[in-house]
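Asks: Please find the sequence and the predicted model below.
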Amino acid sequence: MTRVALDGHGAERGAEAIIAGARAAAADGISLRVFGDPSALGPIRDVEGAELVAAADEITNDEEPVAAVRSRPEASVVMAARDVAEGRSEALASAGPTGATMTAALFALRRMHGVRRPALALQLIVPGREAPPSLLLDVGANTEARAVDLVQFAYLGAAFSEAVLGVERPRVALVSVGVEEKKGSPGVVEAHARLAAAPGIDFRGNIEGRDVLRGAADVIVTDGFTGNVVLKTVEGTAKAVADAVRAAARSGPRATLGGALLRPSLAALRRRLDPDTTGGAILLGLRGVAVVGHGSSGPAGIANAVRLAARAASERAVDRTAELVGRSGMTRGAMRDRRSPVIEA
Amino acid sequence: MSANGFDRTEVLGKVRDHLSTELEVPIGEISESTRFRDDLDADSLDLYELVMELEDTYGISVSEEEAAGIETVGQAVDFVAERLGAST
């Protein structure tokens, strides 16, 4: 049975969401150690398979993550990450502040050998497509990335997509401003050249922003700044379109009737696209599993974050990623020694 | 060697081993004058990991400001040795 260390602090929807989410995940047979305030999380003690570990201290969104994590060993997310590092749990999940969760995971679990920068990866549900979600990375761990980082992100994403999402030989693409290999920033052009010659992955070239939600690739690679902008643009566009559809459906008697007929289908689509469905992002490139849930997660989001963490652990995602990176010769030392391709602006 | 059993050579060896393993740089290329950023292409994350390794190994504490001021391998060794009261 996989055991997940769950941060019991930080969820915007409070202890009730943590308790209900933990209960739902435990019902699936996942063992949990929940780190938080016993006075708020008391009902966890009644959940079969869940254990409550007292951790009253909480790192908030207002704090500088590195200083807070280094100076507060009794904070819930730090304790939960340490629980994984010391082998009492197999994976970490937190819906607390993203910076604190990433920092705690990074410091406790450490980077995978040969990986220069970990990346935050998020599953993107492709509307109208039943296939597994596309994986977008990096969505915010690194605002800047070198070409070698983008190459490593491609391997991290491909290994995760295959191991956890069940995609056979995932198609990998690079986000750029054109599909041609010479389009993009110097770093993207260099990454394209390196990936085109890279062994062990199925690199399909560049895609543009408009292709991100079209299922053009199973793994979509970009730097954390661009990835975060893409993600927020997708979320904002989806909300704006949904609001417009809602307004159109109320614009007259005929539209209202049509809207009523469409409501069940639209509700199903909305549930599928709900961020709670995927459970959050996973920090790839560490020596352990760490899932960063949405701060606004409800019970379903918390449960799915725990399920994602448990699945990544049980499918040996970390070991399989390390094997792929090592086998392909894509460690930072090996890439440092390799000559960069010529870049033409 | 200091009264608590550590000496400067041991600390230097520890730092070189860590950097060689984590940054995948041949250990022979790491000397006391080696600069983390310019010579080893190490970034702040690499330095934090080194600092935490030294904190765990030697039971010392390094502040953010102190960590930011360490630029070479020799400075890292000096810092640890000083904290341990080791002979130089």
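Replies: That came through, no problem.

Asks: ok so residue A:174 is a strand residue?
Replies: Yes: secondary structure of residue A:174, determined by DSSP: H, G, I helix; E, B strand; the rest coil: located in a strand.

Asks: Just grab the bridge partners of it for me.
Replies: Residue A:174 has the following beta-bridge partners by DSSP bridges: residue A:206, residue A:221.

Asks: I'd like the distance between the residue of chain B found nearest chain A and residue A:332.
Replies: Among all residues of chain B, residue B:24 sits closest to chain A, at 2.4 Å; criterion: Cβ to the nearest Cβ. Using the backbone N, CA and C atoms, a C-beta is placed for each residue, glycine as well. To residue A:332, residue B:24 is 6 Å away according to Cβ to Cβ, to the nearest Å.

Asks: shared neighbours, the two?
Replies: Between them, residue B:24 and residue A:332 have residue A:114 as joint contacts when contacts are counted by Cβ atoms under 8 Å, 6 or more residues apart in numbering or on different chains.

Asks: In terms of packing, which of the two has more residues around it?
Replies: Neighbour tally, residue B:24 and residue A:332, criterion other Cβ atoms under 10 Å in any protein chain shown: the higher count belongs to residue A:332, 24 against 17.

Asks: Thought residue A:112 was touching that one, still the case?
Replies: No: taking contacts as Cβ atoms under 8 Å, residue A:332 lies outside contact range of residue A:112: 10.4 Å.

Asks: returning to that earlier point: spatially nearest residue to the residue of chain B closest to chain A (excluding sequence neighbours)?
Replies: For residue B:24, ignoring the flanking residues on the chain, the nearest one in space by Cβ to Cβ, 6 or more residues apart in numbering or on different chains is residue A:333 at 2.4 Å.

Asks: In contact with the one you found, which residues?
Replies: A:114, B:23, B:24, B:25 are the contacts of residue A:333 under Cβ under 8 Å, 6+ apart.

Asks: How much space separates the most centrally placed residue in chain A from chain B?
Replies: For chain A, the residue nearest the mean C-alpha position is residue A:281 (1.7 Å; Cα atoms, centre = their mean). When Cβ to the nearest Cβ, to the nearest Å is the yardstick, residue A:281 and chain B sit 19 Å from each other.

Asks: Assess the claim that that residue and residue A:122 are in contact.
Replies: Yes: look at residue A:281 against residue A:122 with Cβ under 8 Å: they come within range, at 4.3 Å.

Asks: Doesn't residue A:135 belong to a strand?
Replies: Yes: under three-state DSSP, residue A:135 sits within a strand.

Asks: What's the local residue count around it?
Replies: Taking other Cβ under 10 Å as the neighbour definition, residue A:135 ends up with a count of 28.

Asks: Next up, phi/psi of the residue in the stretch 201-345 of chain A positioned nearest to chain B, please.
Replies: Proximity to chain B, evaluated over the stretch 201-345 of chain A using Cβ to the nearest Cβ, is greatest for residue A:333 at 2.4 Å. Geometry field for residue A:333 lists phi and psi as phi -70, psi -40, criterion degrees, to the nearest 10.

Asks: what sits against the residue nearest to the centre of chain A?
Replies: A:120, A:121, A:122, A:139, A:291, A:292 are the contacts of residue A:281 under Cβ under 8 Å, 6+ apart.

Asks: got it, and residue A:156?
Replies: Under the criterion of Cβ under 8 Å, 6+ apart, the contact partners of residue A:156 comprise A:115, A:118, A:119, A:121, A:137, A:284, A:285, A:321, A:325.

Asks: and the residue nearest to the last one when sequence neighbours are not counted, how many residues sit next to it?
Replies: Nearest non-adjacent residue to residue A:325, counting by Cβ to Cβ, 6+ apart: residue A:155, 5.1 Å away. A total of 27 residues lie near residue A:155 under the criterion other Cβ under 10 Å.

Asks: And residue A:303, by the same measure?
Replies: By other Cβ under 10 Å, neighbour count at residue A:303 equals 26.

Asks: host element of it?
Replies: In this structure, residue A:303 sits in helix A:299-314 according to DSSP states H and E.

Asks: Tell me the helices and strands packed up against that helix.
Replies: When contacts are defined as 3 or more Cβ pairs under 8 Å, 6 or more residues apart in numbering or on different chains; DSSP states H and E, helix A:299-314 sits against strand A:3-7, helix A:14-27, strand A:91-94, strand A:281-284, strand A:289-292.

Asks: Quick one: closest of the ones you listed to residue B:75.
Replies: The minimum distance between residue B:75 and the helices and strands packed on helix A:299-314 falls on strand A:281-284, with 30.9 Å, by Cβ to Cβ.

Asks: distance between that closest one and the chain's centre?
Replies: Relative to its chain's centre, strand A:281-284 lies at 4 Å (Cα atoms, centre = their mean, to the nearest Å).

Asks: if I read this right, residue A:36 contacts residue A:7, doesn't it?
Replies: Yes: applying Cβ under 8 Å as the test, residue A:36 and residue A:7 come out as touching, 7.2 Å apart.

Asks: if we can go back for a sec, and among the helices and strands packed on helix A:299-314, the most buried is which?
Replies: Here the criterion is mean neighbour count by mean count of other Cβ atoms under 10 Å in any protein chain shown, and of the helices and strands packed on helix A:299-314 the winner is strand A:91-94, at a mean of 32.

Asks: Does the next helix or strand after that one reach chain B?
Replies: Sequence-wise, the next helix or strand beyond strand A:91-94 is helix A:98-109, with elements assigned using DSSP H and E. Yes: shown here: helix A:98-109 in contact with chain B (Cβ under 8 Å from any Cβ of the partner chain) through A:106, A:107.

Asks: tell me which strands and helices helix A:98-109 is in contact with?
Replies: With contacts taken as 3+ Cβ pairs under 8 Å, 6+ apart, helix A:98-109 sits against helix A:65-71, helix A:76-85, strand A:91-94, strand A:281-284, strand A:289-292, helix B:44-58.

Asks: 7 Å instead?
Replies: helix A:65-71, helix A:76-85, strand A:289-292 (3 or more Cβ pairs under 7 Å, 6 or more residues apart in numbering or on different chains; DSSP states H and E).
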